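Peer 1: Attaching a predicted model along with its sequence, questions to come.
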Amino acid sequence: MPTQSPRWYSAHARKTDVAIQNCRNIGIIAHIDAGKTTTTERMLHYAGFTRRIGGMPIKSKDVDSGDTIMDYMKQERERGITITSAAITFGWKTHRINLIDTPGHVDFTIEVERSIRVLDGAVTILDAVAGVEAQTETVWQQATRQGIPRIAFVNKMDRAGAGFGRTVREMRTRLGCRPVVVQIPLMESPSGASRVGSNDAQFAGVVDVLTMETLRWDSEFSGTKITRSLLDASYPDQTLYQEAVKARIALVEQLSALDENIIELFLTLENHMAIETKDLQAAIRRLTLSSIIVPVLCGASFRNIGVQPLIDSVVDYLPSPDDRPATLARLPDGKVAEIGVGGLKERLCALAFKVIHDAKRGPMVFVRVYAGQLNERTQLWNSSTHSKERANKLLQMYAMDVEEIPHITKGNIGVILGLKDTRTGDTLLDAHDPRKGLTLSGIKVPSPVFFASVEPMSTSDEKPVEEAIKALIREDPSLGMRVDEETGQTLLGGMGELHLEVAMERMLSDFKVKAEMGKMRISYKETMKGPGIVSKLLSWEYDREILGKRGRARAGVSVERLERSEDGGESTSSEGRECGSANTGSEEHDGNEIVITLADKADADAVTEMIPLSEMVLPSGSTDLPIPVLRTAVRNGILSALSRGPLLGYAQTHLKVRLAALHLYGTESTPAAISSCVSAAVTEAIRLGGDPST
């Protein structure tokens, strides 16, 4: 856990208040063992964050040695892998870079999901030997859903079997992107001759295709000394020069097909080599910000080769917060507003994307500020939970180190101390903001797929174990807890065996509880059998008296079987659209699509801007309950029905549930009665829609 203040070894390493145009919020994403953390550690060193002893090489800070800055958890250093995303801020030239290093293991995919949600750009690390791997595709799709511009870094070019060209081709075929090569690897044979792609040569540096220079790193200076040589017609190694010319021609032709400025310059100059570097860089930036291309660089981070140009590319090609499309939020009346523009420009709006537990400081809530400025000791309104909070202190994170700061400005990332009830995905506003119901789109949380029992050692350990699990779930919402109805055991759910093992280790070491973990079980799901099944519109009447109070409601629902799309999602799901679920009444939950288009007559005209009139549900009968309360009650009823299927009691998946009608009976139609009515209606619709199958 964070314990001390940061140390700076360079005057330019610490950038406090900088113009938002000079701010970069980026993430490092990749398959496990591609070199994410090693690359990040080199970035920190060259930015002046880690110590440099005169002209001697720095002390090695590598994943294998267990002394990295970004992997600070005990479990990370013991296993040599990244488990939790770590945030750090450093300066590069005139820019401020907020960087998040994410895990590559599939069990910790929630860390990638919530990090990407608040990032403006990403660096994808690829292993030059392995190429595009399974988790590379997964994190790439996560970034694509959020519309995040990316650059690619082909790492481990010094390894036997490295294939730069093969990796670039796999990016095109497997990731479906348009890679644009801005560097090619420089290989040197034992005789000293330079070659590109030679099988018997060693990786010595890169060729910058834009500037037509070779860059070589001196290993005796830990990668801080770079020798640049201009490539032209008089260069001694003409083979290398010709390879660089081919790469330059390919680059210009790719850009000419996509950018009007470059094609105009080429038609004027009629020479691929005559177009200036600044014009090529400007075109690459425009196309990268639009996610049309992915610039590709190469290097070997472990050998300190290629990292500085990578940081330059982060600054040159990835967006600032102002370069990104306006963030959308849902207003209480159902309308959509752009955050950070017009009348909403100066009002605070932030998203909590991560919560960690610190034994001394309590909950530490990571936030991204989308509009306004967050000041310390500010009263906040959590519009997701409808509760007041207080930001006692604000922190800037440097992995495991922290620094107290007076404010967090628009576009930046920081940590709040003092929040009691805020969770991952919650929206935070100023407590005096009249827009109490304004919410940003949240963070998609995958459901647990593995379960294991957690057995307290004694009766006195039951409460501490329960509290520890709740604290872990607040940190990591992809964990889950439920009680087995037959055995009474507490079951902890997660994304895989490693995920649950790490959670259990943290319960024992961080929370000091006494418990044992049982055998792992797979979490099965149920759905309706057969493709394209749609249940008939089912109307259900609920009328029951509980403790002398009558509860009544009538609901109409329909249930449809969803099919998987090619990328593994649901064909009709709204997943991944910024605030899309809020605007259309549709949301994705655990592989299901829930459609609730409730509106009252007064707001019908406004709501029809997003929802066709024929699809709106206007409650009939009488009620004093506002639409948001009715919507929550209906949603709770649907989720209750989906949590337990009719075959073996497993949770349901791949279903589309739509509320078609709702009739209310005044004060007798309480939220609990509405939820019970909708739950029963959905359960019966699923039963009638088709034979359930797992």
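Peer 2: Yep, it's here. Residues are numbered from 1 along each chain as shown.
Peer 1: What are the boundaries of the helices in the stretch 1-150 of the chain?
Peer 2: Assigned by DSSP state H, counting those that start in this stretch, the helices in the stretch 1-150 of the chain fall at 36-46, 74-79, 109-118, 134-145.
Peer 1: wait, which of those is closest to residue 379?
Peer 2: Minimum separation from residue 379 across those (CB to CB) falls at helix 109-118, 22.9 Å. To be clear about C-beta, it is placed using only N, CA and C from the backbone, and glycine gets the same treatment.
Peer 1: same question for that closest one, mean pLDDT?
Peer 2: For helix 109-118, mean pLDDT is 87.
Peer 1: just stretch 657-674 next, same as before
Peer 2: 92.
Peer 1: Give me the buried stretch members for it, please.
Peer 2: 657-660, 662-665, 668-671, 673-674 (16 or more other CB atoms under 10 Å).
Peer 1: Between the two ends of it, how far is it?
Peer 2: The first residue of stretch 657-674 is 16 Å away from its last residue (CA to CA, to the nearest Å).
Peer 1: now do stretch 183-202
Peer 2: Start-to-end span of stretch 183-202 (CA to CA) is 17 Å.
Peer 1: which phi and psi does residue 323 have?
Peer 2: With angles defined as degrees, to the nearest 10, residue 323 sits at phi -80, psi -10.
Peer 1: who's in contact with the closest residue to it other than its chain neighbours?
Peer 2: The shortest distance from residue 323 to any non-neighbouring residue, by CB to CB, 6 or more residues apart in numbering, is to residue 289 (5.5 Å). When the contact criterion is CB atoms under 8 Å, 6 or more residues apart in numbering, the partners of residue 289 are 149, 317, 319, 323.
Peer 1: separation between residue 289 and residue 99?
Peer 2: The gap separating residue 289 from residue 99 is 19 Å, by CB to CB, to the nearest Å.
Peer 1: can you count the residues close to residue 330?
Peer 2: Using other CB atoms under 10 Å, residue 330 has 21 neighbouring residues.
Peer 1: Quick check: it touching residue 427?
Peer 2: No. Using CB atoms under 8 Å, residue 330 is not in contact with residue 427, being 9.5 Å away.
Peer 1: joint contacts of those two?
Peer 2: Taking CB under 8 Å, 6+ apart as the contact rule, residue 330 and residue 427 both touch 438, 439.
Peer 1: What about the buried residues of stretch 657-674, which are in helices?
Peer 2: In helices, judged by DSSP state H, the following of the buried residues of stretch 657-674 are found: 671, 673, 674.
Peer 1: Can you tell me the closest non-neighbouring residue to the first one?
Peer 2: The shortest distance from residue 671 to any non-neighbouring residue, by CB to CB, 6+ apart, is to residue 633 (4.0 Å).
Peer 1: In the one helix or strand the one you found maps to, which residues are buried?
Peer 2: In this assignment (DSSP states H and E), residue 633 forms part of helix 627-642. For helix 627-642, the neighbour count (16+ other CB under 10 Å) marks 627, 630-642 as buried.
Peer 1: quick one: which two of the residues you listed are the most distant?
Peer 2: Using CB to CB, the buried residues of helix 627-642 span at most 22.2 Å, a distance reached by 627 and 642.
Peer 1: quick one: low-confidence ranges for the stretch 51-200 of the chain?
Peer 2: Within the stretch 51-200 of the chain, the stretches with pLDDT under 70 are 51-84, 104, 190-200.
Peer 1: how does the chain divide up, domain by domain?
Peer 2: What automatic domain parsing lists as the domains of the chain is 20-323, 327-440, 450-523, 528-693.
Peer 1: Any idea what residue 339 is bridged to?
Peer 2: Counting by DSSP bridges, residue 339 is bridged to residue 327.
Peer 1: Show residues contacting stretch 167-178.
Peer 2: With contacts defined as CB under 8 Å, 6+ apart, stretch 167-178 is touched by 126, 128, 131-132, 136-137, 140, 150, 152, 154, 179, 181, 254, 292-294, 296.
Peer 1: For the residue nearest to residue 671, which residues are in contact?
Peer 2: With CB under 8 Å, 6+ apart, residue 633 has these contacts: 625, 671, 672, 674, 675, 678.
Peer 1: nearest to residue 501, of those?
Peer 2: Of all the contacts of residue 633, residue 675 has the smallest distance to residue 501: 36.5 Å, by CB to CB.
Peer 1: Could I get the buried residue list for the host helix or strand of residue 265?
Peer 2: Using DSSP H and E, residue 265 falls within helix 260-269. Neighbour counts over helix 260-269 (16+ other CB under 10 Å) mark 262, 263, 265, 266 as buried.
Peer 1: Could you name the helices and strands sitting against that helix?
Peer 2: helix 238-256, helix 277-289 (3 or more CB pairs under 8 Å, 6 or more residues apart in numbering; DSSP states H and E).
Peer 1: For those helices, give me TSV that also has mean pLDDT and distance to residue 554.
Peer 2: Listed next are the helices and strands packed on helix 260-269 as TSV, based on pLDDT from 0 to 100; distance: least, CB to CB, whole Å:
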stretch	mean pLDDT	distance to residue 554
helix 238-256	95	61
helix 277-289	98	51
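Peer 1: Report the buried members of the contacts of stretch 167-178.
Peer 2: By 16+ other CB under 10 Å, those give 126, 128, 131-132, 136-137, 140, 150, 152, 154, 179, 181, 254, 293-294, 296 as buried.
Peer 1: from these, which is closest to residue 118?
Peer 2: Nearest to residue 118 out of those is residue 150 (CB to CB; 15.5 Å).
Peer 1: what's around residue 687, how many residues?
Peer 2: By other CB under 10 Å, neighbour count at residue 687 equals 16.
Peer 1: Would you agree it is in contact with residue 645?
Peer 2: No. Counting by CB under 8 Å, residue 645 is not a contact partner of residue 687; they are 9.7 Å apart.
Peer 1: Quickly find the element holding the residue nearest to residue 553 when sequence neighbours are not counted.
Peer 2: Closest residue to residue 553 apart from its sequence neighbours, by CB to CB, 6+ apart: residue 677 at 4.0 Å. In this assignment (DSSP H and E), residue 677 forms part of helix 671-689.
Peer 1: Which other helices and strands does that helix contact?
Peer 2: strand 538-546, strand 549-561, helix 627-642, strand 655-665.
Peer 1: Of all the ones you listed, which one comes closest to residue 28?
Peer 2: helix 627-642 (34.7 Å).
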